[in-house]
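> Take this sequence and fold it.
(one chain, ligands or ions: 1)
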Amino acid sequence: MQKVFENCYALDERCYESYGLSEDILMEHAAAGMADYIRKHFPKGTSVLIVAGTGNNGADGIALGRQLHGDYEIKLHIPFTLHSEMAKRQFERARLLGLKTVDEVSQTDIVVDALFGAGLNRNIDEATEHLLHQLNAMKAYKIACDIPTGVGVKGTLMPMAFHADVTLTMGAYKEALFLDACKDVVGELLRVDLGVSSLFYEGESHTCLLERCDLKLPSRREQSTHKGSFGHAAVFCGEKEGAGIISGMAAATFGAGLTTLVVHEKITPPPYLMHSTVVPDNASAMAIGMGLGCHFESEFLQKYVVKSHLPIVLDADSFYNEEILAVLEQKDREIVITPHPKEFVVLWKVLTGEQLTVTQVQEKRFEMVRKFNDRYPHITILLKGANTLIMQEERLYINPLGCSKLSKGGSGDVLSGLIVALLAQGYTAIDAAIQASLALVIAAHQYEGASYAMLPTDLVEEIGRLEYTVKG
Ligand SMILES: NC(=O)C1=CN([C@@H]2O[C@H](COP(=O)(O)OP(=O)(O)OC[C@H]3O[C@@H](n4cnc5c(N)ncnc54)[C@H](O)[C@@H]3O)[C@@H](O)[C@H]2O)[C@H](O)CC1
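This is a model prediction of the structure:
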């Protein structure tokens, strides 16, 4: 798990004040990090266009040019007048070394975007937009210095952003890099140390980035066990029964000792799933909402859902049902809610009366999850998206490993099944949400069929193989 920060200015300051490092030292390491990357991946003589802006992001780029000059064919383009003292100082150093600037951009093997980084706090002008258009159109390997130009400090993506193959971010990860809209412009994301280990550079953060290695699969190490040792998941199955069945399959596959579909009518689930018209007495967790519609009557929901204290996952149609949403007020219950942005809009309107659009939620995903958490800190919210956000109490976790294979009906049903399986096995709500979300995306990556072909049932199969693949 890595730490994530809203911005790194305070962390830079601490390096100056507490460790006696200067801005110059930090910048030299920023440039060296980029130079190392280029030296490692491209042979000497490769042509590199560095487009440097007016501030310290530009200064990083100019310092990079100096470090590579002589070994690589450097074309340094500085389109606007330099403003920051460091940019001017770096330019003077580059000049003394004989590094010349070019007036126009031309085709090179590599393009480094050092126009704007963490300081981009307003929309870019037409000249910059035009330049970015030119850079994006080039058939070059594209490296963004710190943050691709066009990703604003709050994570808003401007209409013409630099599309990086790799972003080399300085010091620590920034939240802006993990907004859904930025996923396709950031490319691969790597962090560069700035002269001290991240252990010293980073301070406290309540925001964490999940990694593959954080996945901990349900344990079956103990052998003196029986089906009752691994909990009983009750999955409500409604109007679109397929959703509940998929969810139940995922729950059973992810280790629930027993899984029962709670149904009204006779259905034909796979033989390993039980079905019942009530929540079984020995159920240890429940999930509701997947394909639910208006299937169950009020009295039934009151008795089996609202008055129950079992750990619960609320998904999909739950957010349209104010009766079920009463569960949110229960402070003595493990609760996970799993809205996608459109469902979040509905939920937020019910809870606050404020009508947002999906675009607004997407533009401020971090802010909205935190606002929800302010009101309901005891609930684990998992906001689905390209980068899933999970929050409970004050801790926010980003799962950046999602992929478009998952953009298909049924993936969410699998997720709710995985979560309820873990809740049934005794996980806390936050652990269940984190681990299920990791398992889902890692299983999706593992699927070897065409990227567009993965079915929810394939995903369930991959879940069943995770133990072998994550070990290897
Ligand atoms: N501080 C350090 O020790 C280190 C910084 N690193 C790098 O520095 C940048 C951040 O630099 P900064 O000068 O603060 O910001 P930018 O270069 O991104 O922007 C410059 C400047 O531009 C102005 N501005 C903002 N938006 C616009 C706009 N749309 N049009 C025109 N001008 C705009 C604003 O005033 C900004 O201040 C960081 O990303 C790192 O790359 C080192 O890496 C580490 C040491």
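
> can you give me how far the helix or strand hosting residue 144 is from the chain middle?
Per DSSP states H and E: residue 144 is located in strand 141-145. Computed by CA atoms, centre = their mean, to the nearest Å, the separation of strand 141-145 from the middle of its chain amounts to 21 Å.

> Let me know the average pLDDT across it.
Strand 141-145 shows a mean pLDDT of 98.

> number of nearby residues for residue 18?
The tally of other residues near residue 18 (other CB atoms under 10 Å) stands at 10. In short, each C-beta sits where N, CA and C put it, glycine included.

> and it, that one's in a helix?
Yes - if the criterion is DSSP: H, G, I helix; E, B strand; the rest coil, then residue 18 is within a helix.

> Show me which residues of the stretch 151-300 of the chain are close to the ligand?
By CB under 6 Å from any ligand atom, the residues of the stretch 151-300 of the chain that approach the ligand are 170, 194.

> Any idea what the residue in the stretch 151-300 of the chain positioned nearest to the ligand is bridged to?
The minimum distance from the stretch 151-300 of the chain to the ligand, using CB to the nearest ligand atom, falls at residue 170 (3.6 Å). Here residue 170 sits in beta bridges with residue 192, going by DSSP bridges.

> Surely it and residue 63 touch.
No - counting by CB atoms under 8 Å, residue 170 sits too far from residue 63 to count as a contact (11.7 Å).

> any shared contact partners between these two?
residue 30 (CB atoms under 8 Å, 6 or more residues apart in numbering).

> In contact with the closest residue to residue 395 other than its chain neighbours, which residues are there?
Distances taken as CB to CB, 6 or more residues apart in numbering place residue 206 nearest to residue 395, at 5.3 Å, with adjacent residues excluded. Residues in contact with residue 206 (CB under 8 Å, 6+ apart) are 394-396.

> again, but for residue 425
Contacts of residue 425 (CB under 8 Å, 6+ apart): 218, 230-231, 255-257, 284.

> now that we have those, which one has the most neighbours?
residue 256 (29 neighbours).

> Using the three-state scheme, assign that one.
Applying three-state DSSP: residue 256 is coil.

> quick one: it and residue 235 touch, right?
No - applying CB under 8 Å as the test, residue 256 and residue 235 come out as separate, 9.3 Å apart.

> Give me the common contacts of these two.
Common contacts of residue 256 and residue 235 (CB under 8 Å, 6+ apart): residue 420.

> related to what we said a few turns ago, any chance of TSV for the contacts of residue 206, columns pLDDT, neighbour count and distance to the ligand?
Output for the contacts of residue 206, formatted as TSV (pLDDT from 0 to 100; neighbours: other CB atoms under 10 Å; distance: CB to the nearest ligand atom, whole Å):
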residue	pLDDT	neighbour count	distance to the ligand
394	90	11	27
395	96	14	26
396	97	20	22
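
> Can I get these in TSV including secondary structure?
Compiled in TSV, those are given as follows (three-state DSSP):
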residue	secondary structure
394	coil
395	strand
396	strand
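
> Tell me which stretches of the stretch 1-150 of the chain form strands.
2-5, 47-52, 73-77, 110-114, 141-145 (DSSP state E, counting those that start in this stretch).

> The shortest one - contacts with which helices or strands?
Think strand 2-5. Here strand 2-5 touches strand 173-174, strand 207-209, going by 3 or more CB pairs under 8 Å, 6 or more residues apart in numbering; DSSP states H and E.

> Single out the most deeply packed of the ones you listed.
Greatest average neighbour count among those goes to strand 173-174 (a mean of 22), per mean count of other CB atoms under 10 Å.

> average pLDDT across that one?
Rounded mean pLDDT across strand 173-174 is 94.

> and if you look at stretch 285-300?
89.

> Start and end of that stretch, how far apart?
17 Å (CA to CA, to the nearest Å).

> what stretches of this protein score poorly on pLDDT?
Applying pLDDT under 70 to the chain picks out residues 471-472.

> Outline the domain layout of it.
Per automatic domain parsing, the structural domains of the chain span 2-205, 213-471.

> Now do the shortest one: distance to the chain's middle.
Okay, so that is domain 2-205. Using CA atoms, centre = their mean, the offset of domain 2-205 from its chain centre is 22 Å.

> Just the residues contacting the helix or strand residue 370 falls within, thanks.
Element membership for residue 370 (DSSP H and E) is helix 365-375. With contact meaning CB under 8 Å, 6+ apart, helix 365-375 is reached by 155, 175, 179-180, 341, 344, 348, 351-352, 356, 361, 379, 381, 383, 385, 389, 391-394, 396.

> now stretch 434-453
Applying CB under 8 Å, 6+ apart, the contact partners of stretch 434-453 are 210, 212, 214-217, 254, 382, 388, 390, 397, 399, 401-406, 411, 414-415, 418-419, 421-422, 427, 454, 458-459, 462-463, 465-466, 469-470.
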